[in-house]
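Colleague: Return a 3D structure for these sequence lines:
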Amino acid sequence: MLWLWSALFVIVIAAIIATIASSSSRWTVILTEGGTRVDLVDRLYAYLKSQGVKTKLSGDANLRRLLVHKRDEDRARRLVQSFQAEV
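Modeller: Predicted coordinates:
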């Protein structure tokens with residue numbers, strides 16, 4: 001009976017690891033900025049969100065990465081170009 005619980009535990013842990021690994025590969029980095037240009041990433045993040053693009057930020061106060069969902073990557077890149085042309 002103990003081996004059955006152990007096997008079930010291993011399967012659950014493997015499923016959790018597989019889920020985490022697959023979810024991180026669904027995001028791609030669009031822009032990375034540091035220093036005084038971190039504000040640009042924050043504004044671009046808000047702009048893409050307002051346009052309906054799935055985005056998320058990672059990093060800290062000194063370095064910021066803007067990630068978008070892989071299915072929105074092409075649209076996000078076009079929107080980034082138009083945003084940067086306006087700025």
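Colleague: May I see the buried residues of the longest helix seen in the chain?
Modeller: Ranked by residue count under DSSP state H, the longest helix found in the chain is helix 2-24. Within helix 2-24, no residue is scored as buried using 16 or more other Cβ atoms under 10 Å. C-beta here means a position set from N, CA and C on the backbone, and glycine is covered the same way.
Colleague: strand partners of whichever helix or strand comes after it, parallel vs antiparallel please.
Modeller: Per DSSP states H and E, the first helix or strand lying C-terminal to helix 2-24 is strand 27-34. Using DSSP bridges, strand 27-34 pairs in its sheet with strand 63-69 (antiparallel).
Colleague: Now do the strand it pairs with: everything it contacts.
Modeller: Strand 63-69 is contacted from outside by 26-34, 38, 41-42, 44-45, 48, 53-59, 76, using Cβ atoms under 8 Å, 6 or more residues apart in numbering.
Colleague: on that earlier part again, the longest helix of the chain relative to strand 63-69, how many degrees between them?
Modeller: Computed by axes from the mean of the first three to the mean of the last three Cα atoms, to 10 degrees, the angle separating helix 2-24 from strand 63-69 equals 100 degrees.
Colleague: packing partners for helix 2-24?
Modeller: If you count contacts as 3 or more Cβ pairs under 8 Å, 6 or more residues apart in numbering; DSSP states H and E, helix 2-24 packs onto no helix or strand.
Colleague: tell me the mean pLDDT for it?
Modeller: Mean per-residue pLDDT for helix 2-24: 75.
Colleague: Just the CA atoms of it, as CSV, please.
Modeller: C-alpha atoms of helix 2-24 as CSV (Å, rounded to 0.1, in the frame of the first residue of the first chain):
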residue,chain,number,x,y,z
LEU,A,2,2.9,2.3,0.8
TRP,A,3,4.3,1.9,-2.7
LEU,A,4,0.9,2.8,-4.2
TRP,A,5,0.9,6.1,-2.3
SER,A,6,4.6,6.7,-3.2
ALA,A,7,3.8,6.1,-6.9
LEU,A,8,0.8,8.5,-6.8
PHE,A,9,2.9,11.1,-5.1
VAL,A,10,5.6,10.9,-7.8
ILE,A,11,3.0,11.1,-10.6
VAL,A,12,1.4,14.2,-9.0
ILE,A,13,4.8,15.9,-8.6
ALA,A,14,5.7,15.0,-12.3
ALA,A,15,2.4,16.5,-13.5
ILE,A,16,3.1,19.7,-11.5
ILE,A,17,6.6,20.1,-13.0
ALA,A,18,5.3,19.4,-16.5
THR,A,19,2.6,22.1,-16.1
ILE,A,20,5.1,24.6,-14.9
ALA,A,21,7.6,23.9,-17.7
SER,A,22,4.9,24.1,-20.4
SER,A,23,3.4,27.3,-19.1
SER,A,24,6.7,29.2,-19.1
